[in-house]
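Chemist: turn this into a model:
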Amino acid sequence: MRIRDSHRADAERLLARAVEEEARRTGGRTDTGVLMTRARGALDSMAAGAAEEYDAYTQALDAAAAGQTSPAQGSAGRR
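Modeler: Below you'll find the predicted structure:
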């Protein structure tokens, strides 16, 4: 499963901030390029492991954007 471009961009920004913070924390002794490569690999691994959940999430986003509710949301108010 491939992450949507907008979600990937958000994640990349967060990764960059985390890498920059680590570089500051270590006084510049961290190879930021290597760290960023590792972080991207970890992101890809997490995305692959959560493909089913991510698919459900994006379907819910699409439904909400279309003005629909998910079955869980629709039945929540009918008690």
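
Chemist: so where is the protein shaky, pLDDT-wise?
Modeler: Filtered on pLDDT under 70, the chain yields the residue ranges 1, 69-79.

Chemist: please repeat the previous calculation with a cut-off of 50.
Modeler: Low-confidence segments of the chain, defined by pLDDT under 50, span residues 75, 77-79.

Chemist: helices along that one, start to end?
Modeler: Using DSSP state H, the helices assigned to the chain run over residues 5-25, 32-49, 51-65, 71-76.

Chemist: tabulate these (a markdown table), appending mean neighbour count.
Modeler: Bear in mind the C-beta positions are built from the backbone N, C-alpha and C, glycine included. A markdown table is the format used below for these (neighbours: other C-beta atoms under 10 Å):
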| stretch | mean neighbour count |
| --- | --- |
| helix 5-25 | 13 |
| helix 32-49 | 13 |
| helix 51-65 | 12 |
| helix 71-76 | 10 |
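
Chemist: distance of the closest residue to residue 43 other than its chain neighbours from residue 27?
Modeler: Distance criterion C-beta to C-beta, 6 or more residues apart in numbering; nearest residue to residue 43, sequence neighbours excluded, is residue 11 at 5.7 Å. Here residue 11 is placed at a distance of 26 Å from residue 27 (C-beta to C-beta, to the nearest Å).

Chemist: against residue 17, how distant is residue 56?
Modeler: Distance of residue 56 to residue 17, given as C-beta to C-beta: 28 Å.

Chemist: count the neighbours of residue 3 for me.
Modeler: Here the neighbour count serves as a burial measure; for residue 3 (other C-beta atoms under 10 Å) it reads 19.

Chemist: contacting residues for it?
Modeler: Contacts of residue 3 were listed using C-beta atoms under 8 Å, 6 or more residues apart in numbering, and they are 11, 47, 54.

Chemist: can you verify my assumption that the second one contacts residue 54?
Modeler: Yes. Taking C-beta atoms under 8 Å as the contact criterion, residue 47 and residue 54 are neighbours in contact, 6.7 Å apart.
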